[in-house]
Structures are given as structure tokens and as C-alpha cells.
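Participant: got a predicted model here, sequence first, then my questions.
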Amino acid sequence: MRFLAMLIACVACAVSARATVDPDADQIGVYFDLNADETCLEVDPFGQFSVYLIVTNPSATEIAGINVALCLEGGVLQARHFWYEDWVGIDSYSESCHYMSVGFMEPIPVVGSNVPLVRVDYLLLSEPEVKFYVQPYGDGPLEYFDASSNSYPLGISSGDSDLPVAIVNGDCDVVSATGMTFDAVKSLYR
């Protein structure tokens, strides 16, 4: 009986605990910290905050370029900063997305399980909730490259480009019931 009670307690703790870094290889997400474990943030009106576009558990030993779109819904002002300032390529904006098809002058070495690529600073305006999405660049695949121009497809940390990867001042445990995938369900536990 004592063993059964301990087993139930361990399972309950494991289910309620939030994992940190997505264990799958070659994932990309938006995080509020460099450890890639904060995807929910509370910010006061007109408060400033930073987000980091991070590749987690990359298969390559270095990252030389990336094709990605960082999109959002909500009222913010932004000031883009690349984590590694020496880059070349296409860096453009639309009303809600920041499109990046860039290469870094020096490949970024993979050290550990997180590789921060971009930091963007924001000022929260009138709308209280802001949702961040990672999407493919145009019609192309979501991918990164190593220095030998080998392509590595990227998975999205939320499991779906239509689901937010990070939220400011909102419900962080909401997942659409339509088209729910295993990746979408697992994102609830990170």
C-alpha cells in the first residue's frame, strides 16, 4: 500500500511539473529567457520586455543561417536585435511578421542545448495580450543551415505554426482542439 501511494504521488508530481527545453531535436521557439523555459510572461502596460528566438537541441554542430518568420498578435513597439550582429540576407517586416532569411558571417557554434539567434525588444502598448508565432519564411520550409550549406528542418515548439509559442498577459495553457497533434499536446507540459 505504501509503495502504491508513493507511485501515485510521483506520477502526480511528474504530470504537474513543467519541462524546460523541448527534448525533440531541431526545434525553434520564442522564449523570455536564455534557458528556453519561459514562454509565459506578465508585463504591465507600457512595460518593456525581450524575447529570444532560440533553436533547441540542434543536430548540427553550428548554425550558419536560418529561414523563419517571427509573427505576433497584439499591441507592441519593437526594436530588433540579432544576437549575433554580423549577418547578411533578407530581413523584412510586414504589419505582424518579421521575416528572416539570413546567414551569419561566422557560423554560430552549438554549445549546450540552446542556441539563441535573435533578440527582439518590445514595449507593450494598449492591448494587454500579445501572442508570438513561429512560421515558415514565405512558401519555403522552416529550416536552418550549417557552414557546409546542409539544411536542417525545424519543428515548432508549440507543435503547429497556428498555435502561439509564447504569450504575454494571456492564458498560456490554451491549445486549439481542432487539428491537435501529439506535438501540440506535449507543448502543454513545457
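Facilitator: Structure's in. What do you need? Remember, it's a predicted structure, so these values are computed and weren't measured experimentally.
Participant: now for the residue nearest to residue 130 when sequence neighbours are not counted, how many residues are close by?
Facilitator: The shortest distance from residue 130 to any non-neighbouring residue, by C-beta to C-beta, 6 or more residues apart in numbering, is to residue 74 (3.1 Å). Heads up, the C-betas are built off the backbone N, CA and C, glycines and all. When counting by other C-beta atoms under 10 Å, one arrives at 19 neighbours for residue 74.
Participant: could you measure residue 74 against residue 132, distance?
Facilitator: Applying C-beta to C-beta, to the nearest Å, the value for residue 74 to residue 132 is 9 Å.
Participant: repeat for residue 41
Facilitator: 10 Å.
Participant: the two: which is more packed in?
Facilitator: residue 132 (24 against 20).
Participant: show me what the host helix or strand of that one is packed up against.
Facilitator: Taking DSSP states H and E as the criterion, residue 132 maps to strand 130-135. Contact here means 3 or more C-beta pairs under 8 Å, 6 or more residues apart in numbering; DSSP states H and E; on that basis strand 130-135 packs against strand 27-31, strand 62-73, strand 166-168.
Participant: low-confidence ranges, this protein, go.
Facilitator: Counting by pLDDT under 70, the low-confidence segments of the chain come to 1-22, 78-95, 127, 174-190.
Participant: show me where it has its strands.
Facilitator: 27-31, 40-41, 48-56, 62-73, 76-82, 87-93, 97-109, 114-124, 130-135, 143-145, 151-153, 155-156, 166-168 (DSSP state E).
Participant: other SSEs contacting the longest one?
Facilitator: In this structure, strand 97-109 packs against strand 62-73, strand 76-82, strand 87-93, strand 114-124, with contacts taken as 3+ C-beta pairs under 8 Å, 6+ apart.
Participant: pull the first one out as CSV, backbone CA atoms only.
Facilitator: So that's strand 62-73. Extracted in CSV, the C-alpha atoms of strand 62-73 (Å, rounded to 0.1, in the frame of the first residue of the first chain):
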residue,chain,number,x,y,z
GLU,A,62,27.0,25.1,-35.9
ILE,A,63,24.3,27.3,-37.3
ALA,A,64,25.3,29.4,-40.3
GLY,A,65,21.8,30.6,-41.5
ILE,A,66,18.1,30.4,-40.9
ASN,A,67,14.8,30.9,-42.8
VAL,A,68,12.0,31.8,-40.4
ALA,A,69,9.2,34.3,-39.7
LEU,A,70,8.6,35.6,-36.2
CYS,A,71,4.9,36.8,-36.1
LEU,A,72,2.8,38.3,-33.3
GLU,A,73,-0.7,39.5,-32.4
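Participant: what's the angle from that strand to strand 48-56?
Facilitator: Following axes from the mean of the first three to the mean of the last three C-alpha atoms, to 10 degrees, one obtains 130 degrees for the angle between strand 62-73 and strand 48-56.
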